[in-house]
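Participant: build me a model from this:
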Amino acid sequence: MHARLLGAPSRASACTSSSSFPSAGRHPCRASWKPRPPSRSSASPPPLSLLRAGASMEPASTEGQSDPTVHGVADRVVGVLGGGQLGKMLCQAASQMGIKVAILDPLKDCPANSVCHEHVVGSFNDGDAVREFAKRCDVLTVEIEHVDAVALEKLEKQGVVCEPKASTIAIIQDKYRQKGHFSKFGIPIADFVEVDTLSSIENAGEMFGYPLMVKSKRLAYDGRGNAVAHNKEELSSVVSSLGGFEHGLYVERWTPFAKELSVIVARSRDGCTVCYPVVETIHKDNICHVVEAPAQIPEKMKKLATSVAEKAIKSLEGAGVFAVELFLTNDNQALLNEVAPRPHNSGHHTIEACYTSQYEQHLRAILGLPLGDPAMKAPAAIMYNILGEDEGDSGFVLAHQLIKRALNIPGASVHWYAKPEIRKQRKMGHITIVGPSMFDVKAHLDRLLQRDTDGPKKVRPRAAVIMGSDSDLPIMKDAAAILEKFNIPFELTIVSAHRTPERMYAYSLSAKERGLEVIIAGAGGAAHLPGMVASLTTLPVIGVPIWTKSLQGTDSLLSIVQMPKGIPVATVAIGNAENAGLLAVRMLASRDTELSDRVNEYQQNLEDSVLVKARLLEELGWDKYLEQCMKP
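Facilitator: Residues are numbered from 1 along each chain as shown. Below is the predicted model:
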């Protein structure tokens, strides 16, 4: 399919002059140009070199010339090959920044059509259409890798800016070539080998064992193009299901894994990289169904996954956002599965959960603007893909019912892609839920999916009050009273560092996984409980020195404040469990807006009560005040 730009003025850009390209009039009118009013001026924009990576947001100046005027973030037109849901969300991020985005997509009603600045109806697999489209843009990028990479390579030689580079697109398009590339750069991957005959795949089965993963080299995504042979007898049928050896196949050694992970890596035009927090992806029928951010894995595993992802992206060319999918194996290795050279399903949550979404980040990167902060601004997030459950109208009804439930979920955001047709397992939208902990967002997801609706509702404790003996309870009850006052769910129990060391060990190690966020521990005579618990968990621990007859609690206080470096324990006044409770409340309120409001109200009430007492004292005088207000 060729794209004809009807009535669209030529635009000078990083491309060569229009005379270098075939005339639009030579191509049949199979595609149309749909501008978004108002139309752009045909005046030549400043060159793209003015927005180099790492430069400030101010446009560069040229000696002897006045600085060009930039309206908004950038006066660049970004051309996106593909107008699916990723293109739509790129356009939404661009609109927020005042950046114009043109898309090339063969479907007139593709998701991005309603939000892009301009839509060229044409195929991103058609070299002629891509070349004509490039004339309208200052920089080309992709939202799908199945584009005409050869056309992009030719455009780059003519001066067109393509990000990421055509060489990277070509590598990613062929998964076998992709594996070879990463293997050459020392990236850990599963063993693989090309197969082109029945005997070669049988040899691979003998070499790698079964089950054996068989994959198509090209056009494989969302589980398509992958099949598993569980034994030698299944090889023929598996090969046939993938289109035969002429389709281009290779096999991988089966990878037993504990979790599937993903890391979004952004790279600027000057090669600088930033990585988003590692997430866990949960698949349904080989399609990404749920993304949990951040991944609930040890910190050293997060660092390993991030290191592998960053190394992989540094081996490729070009700027933009890349998604690196990995396997976390049972023996704690991080093996690269594959890379997407574009925003990705595993990064949808970044719109609500991160300071800079992957879509804004992609635009920053390809335009040479400073990269944004990839850190999460919400402690936890879950992204749930809305997959088609049925065909036709009934499928839309089921999706709409899910969306209606999502609108009643705290912290939930709905993204509907507006695809005109629904099919089973087709990605129709997604829902992101953010919250103060993974326990909370999972609970909201259960509510969304109507899981266990008939079972008893269990409230997850956010805080714990523990003590070594019930003799500490008369003091520690004050911490419990404060938590109750602020409606904070908590658990209260006895955990002795000396008499039940195994219980203390198990309790501390499981505390974070069970959803606890802070622990208040009574410190009795030996005062070991707070310190031992703090050494076994990364949760904040507040120690309460318990008053004793022997040393009046000074031994407990001194023990807490002399903890070794690296094992912090907070503390309050001797016997003041109420303040320990208030300190815990403030810790929780630092990332809970509703609770923070209640803390502010509590503080205001304290101030008001003091002012009332001061006024009474002034009005009554000290003698009457003592008599009326401070009776023994």
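Participant: can you name the element that comes right after the worst-scoring helix or strand of the chain on mean pLDDT?
Facilitator: Within the chain, no helix or strand scores below strand 33-35, which has a mean of 44 by mean pLDDT, DSSP states H and E. Later in the chain than strand 33-35, the nearest helix or strand by DSSP states H and E is strand 77-81.
Participant: quick check: neighbours of that following strand in the sheet, parallel or antiparallel?
Facilitator: Strand 77-81 has the following sheet partners, assigned by DSSP bridges: strand 100-105 (parallel), strand 139-142 (parallel).
Participant: residue ranges with poor pLDDT in this structure?
Facilitator: Across the chain, the stretches falling below the confidence threshold (pLDDT under 70) are 1-67, 220-223, 452-458, 525-527, 631-632.
Participant: break it into its domains for me.
Facilitator: According to the TED database, the chain is divided into the following domains: 73-162, 191-253, 257-416, 463-591, 594-629.
Participant: save those domains as a markdown table, and put in distance to Phe185 and mean neighbour count too.
Facilitator: (C-beta placed from N, C-alpha, C; glycine too.) A markdown table is the format used below for those (distance: least, Cβ to Cβ, whole Å; neighbours: other Cβ atoms under 10 Å):
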| stretch | distance to Phe185 | mean neighbour count |
| --- | --- | --- |
| domain 73-162 | 19 | 23 |
| domain 191-253 | 15 | 16 |
| domain 257-416 | 4 | 20 |
| domain 463-591 | 34 | 19 |
| domain 594-629 | 47 | 12 |
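Participant: straight-line length of stretch 384-402, end to end?
Facilitator: Stretch 384-402 has an end-to-end distance of 11 Å (Cα to Cα, to the nearest Å).
Participant: contacting residues around that stretch?
Facilitator: 284, 287-290, 345, 403, 416, 422-433, 445, 448 (Cβ atoms under 8 Å, 6 or more residues apart in numbering).
Participant: so which of these are in helices?
Facilitator: Ile403, Leu445, Leu448 (DSSP state H).
Participant: related to what we said a few turns ago, could you export the domains of the chain to a markdown table, including columns for distance to Lys179?
Facilitator: Formatted as a markdown table, the entries for the domains of the chain read as follows, by distance: least, Cβ to Cβ, whole Å:
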| stretch | distance to Lys179 |
| --- | --- |
| domain 73-162 | 15 |
| domain 191-253 | 5 |
| domain 257-416 | 8 |
| domain 463-591 | 35 |
| domain 594-629 | 49 |
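Participant: of all the ones you listed, which one is nearest Phe439?
Facilitator: Ranking the domains of the chain by distance to Phe439, with Cβ to Cβ as the measure, places domain 463-591 first at 3.5 Å.
Participant: the helix or strand Arg177 falls within packs against which elements?
Facilitator: Taking DSSP H and E as the criterion, the element that holds Arg177 is helix 175-184. Counting contacts by 3 or more Cβ pairs under 8 Å, 6 or more residues apart in numbering; DSSP states H and E, helix 175-184 packs against helix 166-173, strand 192-195, strand 212-216, strand 249-253, strand 334-340.
Participant: distance of Trp337 relative to Met213?
Facilitator: Wrong residue type there; residue 337 is Asn, not Trp. Here the criterion is Cβ to Cβ, to the nearest Å. By it, Asn337 lies 10 Å from Met213.
Participant: let me fix that: Gln450
Facilitator: On the measure of Cβ to Cβ, Gln450 and Met213 end up 35 Å apart.
Participant: where exactly do the helices run in the stretch 501-632 of the chain?
Facilitator: 501-510, 529-536, 554-561, 577-589, 593-620, 622-629 (DSSP state H, counting those that start in this stretch).
Participant: what's the helix or strand for Ser262?
Facilitator: Counting by DSSP H and E, the element that carries Ser262 is strand 257-267.
Participant: isn't Arg462 up against Asn487?
Facilitator: No. Arg462 sits out of contact with Asn487 when judged by Cβ atoms under 8 Å, with a separation of 10.3 Å.
Participant: and the gap between the closest residue to Thr538 other than its chain neighbours and Gln96?
Facilitator: The shortest distance from Thr538 to any non-neighbouring residue, by Cβ to Cβ, 6 or more residues apart in numbering, is to Lys512 (6.5 Å). The span separating Lys512 from Gln96 equals 36 Å under the rule Cβ to Cβ.
Participant: what's the answer for Pro568, then?
Facilitator: Going from Pro568 to Gln96 by Cβ to Cβ gives 40 Å.
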